[in-house]
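>>> Provide a 3D model corresponding to the input given below.
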Amino acid sequence: MTRRLSTQLVATRRHPPAEATAASHALLVRAGMLQQVGPGLFARGPLLVRVSRRIEAIARAELDGLGCQEVRFTCLQPADPWRASARWDELTRDDPLMLSLRDRGGTELGLAPYHEEQATLFAAGCLSSHRQLPQVLYQLATTFQDEAGPRLGLLRAREHTRCDAYAFAVDEAAADALSARLSAACERVLARCGLELLRADAAGQAPDDR
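Residues are numbered from 1 along each chain as shown. Next comes the predicted model:
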């Protein structure tokens, strides 16, 4: 159903919010697309949801075109897989990006900011032979990171939508080839959104530590 703009639930603002330090944050609020409900937490209005869906459709088209398969992992995850990867203490104590809690049965859980552990376990439960490789799983989902100082609006929010891909290959050469194809797909997504690309090394990643 098509709606007139005059019937949309949109409240524009003449002036940017005092807490906005990023131009994107100020513009989204002034356009009535975004409302802040707490530090690093934002409610997305109807217009921003429509924009987000179009961007997600572009990402899905590019990834599906490579033969990637979309999955949806859980937000709450048991602690044991995170302890097995030695990331539980890092993310709940050393640099507490992950909120931890216990359910009514006493099970220790984390509100996962990342999903590598679950993706690996999921693939291990599905793969029975190296002949099934390569495989790439991806998800477009909302994740939560307990940022100590959320800032820059949606650029450094505590809750945000991520597009993550998890590749499984027989060897490093095959993994590198998958990485190159995924990188090219990301470039096409940005180009289709009318954005310029600037490549940069990932923070905290040494050149020989991949």
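>>> phi, psi of residue 152?
Backbone dihedrals for residue 152, given as degrees, to the nearest 10, come out at phi 60, psi 30.
>>> and the nearest residue to it once chain neighbours are set aside, how many residues sit next to it?
Leaving aside its sequence neighbours, residue 152 sits nearest to residue 22 (CB to CB, 6 or more residues apart in numbering; 4.1 Å). Placement of C-beta: from N, CA and C, glycine included. When neighbours are counted by other CB atoms under 10 Å, residue 22 registers 15.
>>> quick one: contacts for residue 22?
Applying CB atoms under 8 Å, 6 or more residues apart in numbering to residue 22 gives the contacts 151-153, 155.
>>> Please flag which of those residues sit within helices.
Applying DSSP state H to the contacts of residue 22, no entry is found in helices.
>>> Can you tell me which of the residues you listed has the most neighbours?
Counting neighbours by other CB under 10 Å, residue 153 leads those with 23 neighbours.
>>> So the spatially closest residue to that residue that is not a sequence neighbour versus residue 34, what's the distance?
Of all residues not flanking residue 153 in the chain, residue 25 sits nearest, at 2.7 Å (CB to CB, 6+ apart). Here residue 25 is placed at a distance of 7 Å from residue 34 (CB to CB, to the nearest Å).
>>> Which residues are in contact with each of the two?
Common neighbours of residue 25 and residue 34, counting by CB under 8 Å, 6+ apart, are 153-154.
>>> where does the residue nearest the centre of the chain land in three-state SS?
Residue closest to the mean C-alpha point of the chain, counted by CA atoms, centre = their mean, is residue 162 at 1.4 Å. Look at residue 162: counting by DSSP: H, G, I helix; E, B strand; the rest coil, its state is strand.
>>> in the sheet, who's paired with the closest residue to it other than its chain neighbours?
Counting by CB to CB, 6+ apart, residue 143 is the residue found nearest to residue 162 once chain neighbours are left out, at 5.2 Å. For residue 143, the beta-bridge partners are residue 160 (DSSP bridges).
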